[in-house]
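Asks: Take a look and give me a structure for this.
(chains A and B)
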Amino acid sequence: MLLHRRIYQFFIIYCLAVACLFLIKFGLNLSDYVIPGPMDVWHTGIREFTRYFSDVMDTLMVAVIGQVISIFMALLVGITGRRATWFGSFIKVAAYNVQAYPIVAIAPIIFILLGDGIVTRLIIAAMICYFPVLLSVLGIMSEPVNDIEHFYRATGRMRWQLEVKIRAFENLNKLTTVIAGSATLAVAGTIVAEFIAANAGIGYSIRIALYQSDLAKILTALFLIGITLSLYQGVLELTGYLIKKGWATRV
Amino acid sequence: MKPHKKTTISQKMLFFISLAAIIAISGISDTATAAEKVNYRLKWLFNTSVVGDLYADVHQFFAKQDLKVAVKEGGPERDAIRELEMGRAQFGVASADQVIRALSKGAQVVVIAQLFQINPLQWMYRTDKMTINSLADLKGQTLGVTFGGNDEAILRTLLAKASLTEKDVDLFSVRYDYTPFLQKKVNFWPVYRNSQAVFLGAKLRQAGESFDFFIPGDYGVRFVANSVVTSKKMLDTKPETVRKFTVALLQGWQASMNVANNDTAIKTLQKYDKDSTVETLQEQLDITRGLIHPDPNVPIGMIDMAAWKQTEQIMLTQKLIPAPVSVEKVLRPIPKY
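Replies: Predicted coordinates:
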């Protein structure tokens, strides 16, 4: 149901955007060089589909791994820094500051140090989606659920694992939304990395298409990125829903 | 009270008369000096490659032709031909492949001057690592190339000329940073001769390394670089503006390339390129002269018809365009300046 909704919503947005472009094209009588015609986009889509689909899968694979790493890191740091201690405050300050640096300025340094292989793409993807996830985790984990936690504290049965579980369960919707949202950031991060310096992925193909001033190829790439991302986010939301259902049954 | 009131009325009258006079005078002077405003979008950032464009602007060559030109910086995300069509610019600089691609997609664009007579896109290579006396010497080498860029089209043409296939060489994907070249991972690297090559050359000289340049033109490949373009509509409706712009621009280029104006050209560049040292700018300017005006008998801006046709043929052969575009039909002769 979630997947289905995600896909048709994406189709509506994509079609509206492309229709707007065509309206501008025909309204201002622009050539296919500025905005490609519908048939040009269609033929390019058919011609490039297989190659671009494979590129998108390559990008998605890196983005998923990068996202998993960043979620794991964010949970680890978020849980450690959830208390109002000096370390907790230090983590928050670091997170806010590092997030302020534009990745396009940092990415070339990473590429110079680590080359243009998969590791660099992974690091950049993880870097882009790590901090927003961390901030959300910190927010969720540092907010007590007094109604429930009070009982365990009063009876002396509260342990840190239980505290984390309570807070995670009570905020599972928020966490799911943040994780699904961070998928967008992970994909965007990977594409930025590929655009700047990698040798593979859809970001690399978009860069070549831009060199060739081929907007039809870019529209094809955007369609495939959008549909794949919608599917992935749908899967994440579904997973979150199933986890919550499973936990609720166990409780 | 009465005299005071009189004074106030006469003061008011004086104020309105003065105001009317100011408006009238400003209107007259505005009409007298009304210069036509046009936008000129460059291909790249302000650097030595656009010295003539800046010179024409700063030293009033446009103003002398009654034009008020806004010279706008280019960049990787800018496309002058698109801006011509959208009406945001009236003139622009585009590479030949951009022009040919645009024509292939139905854009109505015309070329009014060719700035570079020799393409600044060349390859720098370490002479202690490779010797290039003929195209066949490229066999077995790792060659830097920007996939999707002009250099890919040029390199593939050169390889085809030498009957070499992609299997005979190792093509290395080039990016913004020069680390693979500096680390000697690749010893054959595409550069813009009058900009990047100056910085890289300095680094190599510092490290005591010897290098040379591989010039595609030496092997018969003359892929045209930057040219000045306008829309067909502009040329049809305002031919006099196009003529005046071209004359002013080429006069600016001619003056900037004149050795007698060397110091003025450097000072002009310094206003825009604050990061480069005078020595760097001087070296870049010296090299630029050789690319813009290599033959004293050929005027600056002359359109090399044969080179344009060859560029179209290269793009056709490499399937970068689906069908011929007859590029010669949009090349306009330069006016006398």
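Asks: Could you use CA atoms for every contact and neighbour count after this?
Replies: Noted.
Asks: Give me the buried positions along stretch B:110-127.
Replies: By neighbour count with 16 or more other CA atoms under 10 Å in any protein chain shown, stretch B:110-127 contains the buried residues B:110-126.
Asks: now swap in stretch A:4-23 and tell me
Replies: For stretch A:4-23, the neighbour count (16+ other CA under 10 Å) marks A:6-7, A:10-11, A:14, A:21-22 as buried.
Asks: can you give me the helices for the stretch 51-200 of chain A?
Replies: Here the stretch 51-200 of chain A has its helices, by DSSP state H, counting those that start in this stretch, at A:86-100, A:103-114, A:118-141, A:146-154, A:160-170, A:172-196.
Asks: Of all those, which one is nearest A:Phe26?
Replies: helix A:172-196 (30.7 Å; CA to CA).
Asks: and the angle from the closest one to helix A:103-114?
Replies: 70 degrees (axes from the mean of the first three to the mean of the last three CA atoms, to 10 degrees).
Asks: Just after helix A:172-196, pick out the following helix or strand.
Replies: helix A:202-211 (DSSP states H and E).
Asks: do the helix or strand following that following helix and chain B meet at all?
Replies: Next helix or strand after helix A:202-211 toward the C-terminus (DSSP H and E): helix A:215-250. No: using CA under 8 Å from any CA of the partner chain, helix A:215-250 stays clear of chain B, with a minimum separation of 11.2 Å.
Asks: Stretch B:224-241: which residues count as buried?
Replies: For stretch B:224-241, by 16+ other CA under 10 Å, it's B:224-232, B:234-235, B:241.
Asks: Tell me how far B:Gly77 lies from A:Arg207.
Replies: To be clear, residue B:77 is Glu; Gly isn't right here. Look at B:Glu77 and A:Arg207: by CA to CA, to the nearest Å, they are 11 Å apart.
Asks: if you count what's nearby, which of the two comes out ahead?
Replies: Each of B:Glu77 and A:Arg207 has its neighbours counted (other CA atoms under 10 Å in any protein chain shown); A:Arg207 has more, 21 against 10.
Asks: residues touching the residue in the stretch 151-251 of chain A that chain B sits nearest to, list them.
Replies: Closest approach between the stretch 151-251 of chain A and chain B, counting by CA to the nearest CA: A:Ile208, at 4.8 Å. By CA atoms under 8 Å, 6 or more residues apart in numbering or on different chains, the contact set of A:Ile208 is B:147-149.
Asks: If we use 7 Å, what do you get?
Replies: B:147-148 (CA atoms under 7 Å, 6 or more residues apart in numbering or on different chains).
Asks: Can you confirm whether stretch B:164-181 lies near chain A?
Replies: Yes: Stretch B:164-181 lies within reach of chain A by CA under 7 Å from any CA of the partner chain, at B:175, B:179.
Asks: I'd like to check what contacts that stretch. Which residues are they?
Replies: The contact list for stretch B:164-181 (CA under 7 Å, 6+ apart) reads A:112, A:197, B:139-147, B:159, B:186-187, B:189.
Asks: That one spans what distance, first to last residue?
Replies: 23 Å.
Asks: Show me which positions of that stretch end up buried.
Replies: Applying 16+ other CA under 10 Å to stretch B:164-181 flags B:164, B:171-175, B:178-181 as buried.
Asks: Filter these down to the ones in helices?
Replies: B:179-181 (DSSP state H).
Asks: so which strand or helix has the residue lying closest to B:Met124 once chain neighbours are set aside?
Replies: In this structure, B:Met124 finds its nearest non-sequential neighbour in B:Phe213, 4.6 Å apart by CA to CA, 6 or more residues apart in numbering or on different chains. Assigned by DSSP H and E, B:Phe213 falls within strand B:211-214.
Asks: Any chance you could list what contacts the next helix or strand along the chain from that strand?
Replies: Proceeding C-terminally, strand B:211-214 gives way to strand B:226-231 as the next helix or strand, assigned by DSSP H and E. Applying CA under 7 Å, 6+ apart, the contact partners of strand B:226-231 are B:84, B:90-96, B:108-116.
Asks: Right, I'll call it a day here.
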